[in-house]
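> Got a sequence here, can you model it:
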Amino acid sequence: MSSKKSEALTALYNAKIQKLSEEKALADKMNDILTRRGGLNDGSKACRKNLKAAIAVANQPGYFEYYVPSQEVKDVEESKVLNSLVKSLEKVHRELNQINDDISHHHVPRDGVMGQAPQELGLTSLSHWFDTYGRPKNDTLLDELKTTFQPSPKIYGGTNHHRSFKSQSSPMKVGRVTK
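Residues are numbered from 1 along each chain as shown. The predicted model follows:
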């Protein structure tokens, strides 16, 4: 029984290594298309620089010649090579996640405590969790972090024509928690 389990685990690890190499090959191909000289990153950078220059001279008379991407960049964009590479990468990534799940199922401990969900342990709500493990004690820390509004103590003095009045503002003391 143990040898069957170890053989299955070895097969899973070999499949994982194969999928990782497939993923690396796809990522390298995508990276090459993006980062090579005259690739999509260079074309995008040149287009941005050209548009910034066009905006800078937009109020001046005359014609401004815009950047025209190379034929290679146009072909890559029209054939949507990157879209197909991304879809292939997603497929390989999903397969890798499935293999990782299968590997983790082989490593579940015999007593099953580590692999159990909170419902299986009898913890169905937050109140049940607090009953079992206790409540946090840092209530004073929460008061310091809370956003508060306090009425302004300012009283604006009156004149012979206007009587004094108390400010209606409530300055906010900013905290990280809003209650």
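
> longest helix of the protein?
Under DSSP state H, the helix in the chain containing the largest number of residues is helix 2-35.

> Phi and psi next, for the residue located most distally from the centre of the chain.
Ranked by distance from the centre of the chain (Cα atoms, centre = their mean), the top residue is Asn160, with 62.3 Å. Dihedral pair for Asn160: phi -60, psi -30, per degrees, to the nearest 10.

> any idea how far Ser104 lies from Gln98?
Separation of Ser104 from Gln98 (Cβ to Cβ, to the nearest Å): 11 Å. Using the backbone N, CA and C atoms, a C-beta is placed for each residue, glycine as well.

> Helices along this structure, start to end?
Going by DSSP H, the chain shows helices at 2-35, 40-56, 71-79, 81-106, 126-133, 139-145.

> Just give me the residue right at the centre of the chain.
Most central in the chain (Cα atoms, centre = their mean) works out to Glu90, at 16.6 Å.

> got any ranges where this structure has weak pLDDT?
Residue ranges of the chain with pLDDT under 70: 1-2, 107-122, 138-143, 178-179.

> so how far is Lys137 from Asn50?
61 Å.

> Which one's more surrounded, the two?
More neighbours surround Asn50 than the other of Asn50 and Lys137, with 15 against 7 (other Cβ atoms under 10 Å).

> Without its sequence neighbours, what residue ends up closest to that one?
The shortest distance from Asn50 to any non-neighbouring residue, by Cβ to Cβ, 6 or more residues apart in numbering, is to Tyr67 (3.8 Å).
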